[in-house]
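In: Any chance you can model this:
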Amino acid sequence: MHPAAAQWQDLISRFDRWFEATAERYPGVVPCRAGCSACCHGPFDISAADALLLREGLATLPEAVRAGVVARGRALLGRMREMVPEWAAPFDIQAIGDERFDALSDALAAEPCPLLDAEGRCLVYAYRPLVCRMIGLPMLTPSGDTLDNACPIQDHFPAYAALDPVPFDLDALEDRESRSQKAAALTLFGDARHAGYETTIAAVVATG
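Out: Numbering: from 1, shown residues only. Below is the predicted model:
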């Protein structure tokens, strides 16, 4: 694995450990499980480091499985380009602006992520983006900020929806995040000034 991708994977794996420890603390309360893909729909933004890590994950898939992922990614990217025809590689969200991307995301909100298999499981779970790891629990940061649980089906699980925000040292992670984004941008574009690059999963899998 590329060192920049490995560094990012190690950093965001902290969310996995935080999530797992919380789920163990509240047995039977947190409904997240393999095959639940309620939050795995619609285009959303991912970073340069996420894109680099996803490429590593795609490379681990058997050729036939990877071909299916690429086909689904191209189909979804094609639908996005129908809405924004001038959007072109490397499909930087900044090129079309947040307002147009938000409209595009709303219009395609029901579309499944191209990385899901027929059972709704993520084919590259260990390589999934940061945002995928943050959904599912409310968070309390050291600075006192609260991040709400973004799970779209939490209303079906009252005890889960009622969980108090769980402490997580997000500030410490964000201090290191900028270095990972610069390293990823340097790898992807040969220029660390592209550290603010954001794209979508479909664009990454469709363009390789």
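In: From here on, just use CA atoms for contacts and neighbour counts.
Out: Fine.
In: Quick check: chain neighbours aside, which residue is closest to the residue nearest the centre of the chain?
Out: Centroid check for the chain by C-alpha atoms, centre = their mean gives residue 129 as the closest residue, at 3.2 Å. What sits nearest to residue 129 in space, not counting adjacent residues and going by C-alpha to C-alpha, 6 or more residues apart in numbering, is residue 50, at 5.0 Å.
In: number of nearby residues for the one you found?
Out: 28 (other C-alpha atoms under 10 Å).
In: mind listing what the closest residue to residue 83 other than its chain neighbours touches?
Out: Counting by C-alpha to C-alpha, 6+ apart, residue 83 lies nearest to residue 104, which is 7.0 Å off, once chain neighbours are set aside. Residues near residue 104 by C-alpha atoms under 8 Å, 6 or more residues apart in numbering: 43, 80, 83.
In: what's the helix or strand for residue 104?
Out: helix 98-107 (DSSP states H and E).
In: and that helix, average pLDDT?
Out: Helix 98-107 shows a mean pLDDT of 95.
In: rewinding a little: looks like the residue nearest to residue 129 contacts residue 128 (just checking).
Out: Yes - the criterion here is C-alpha atoms under 8 Å, and residue 50 meets it with residue 128 at 7.4 Å.
In: Name the SS class of residue 27, please.
Out: Recorded secondary structure, residue 27: coil (DSSP: H, G, I helix; E, B strand; the rest coil).
In: number of nearby residues for it?
Out: 9.
In: And residue 74, by the same measure?
Out: For residue 74, the number of neighbouring residues by other C-alpha under 10 Å comes to 19.
In: what sits against it?
Out: 202-203, 205-206.
In: again, only this time at 10 Å
Out: By C-alpha atoms under 10 Å, 6 or more residues apart in numbering, the contact list for residue 74 reads 68, 80, 114, 202-207.
In: Just the C-alphas of whichever strand or helix holds it, formatted as CSV.
Out: Using DSSP H and E, residue 74 falls within helix 63-83. C-alpha atoms of helix 63-83 as CSV (Å, rounded to 0.1, in the frame of the first residue of the first chain):
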residue,chain,number,x,y,z
GLU,A,63,-11.0,-8.7,-11.4
ALA,A,64,-14.6,-9.7,-12.1
VAL,A,65,-15.8,-8.0,-8.9
ARG,A,66,-13.8,-4.9,-9.6
ALA,A,67,-15.3,-4.8,-13.1
GLY,A,68,-18.8,-4.7,-11.7
VAL,A,69,-17.9,-1.9,-9.3
VAL,A,70,-16.4,0.1,-12.2
ALA,A,71,-19.5,-0.4,-14.3
ARG,A,72,-21.8,0.8,-11.5
GLY,A,73,-19.5,3.7,-10.9
ARG,A,74,-19.5,4.7,-14.5
ALA,A,75,-23.3,4.5,-14.7
LEU,A,76,-23.7,6.7,-11.6
LEU,A,77,-21.1,9.2,-12.9
GLY,A,78,-22.9,9.2,-16.2
ARG,A,79,-26.1,10.3,-14.5
MET,A,80,-24.3,13.0,-12.7
ARG,A,81,-22.7,14.3,-15.9
GLU,A,82,-26.2,14.3,-17.5
MET,A,83,-27.1,16.9,-14.9
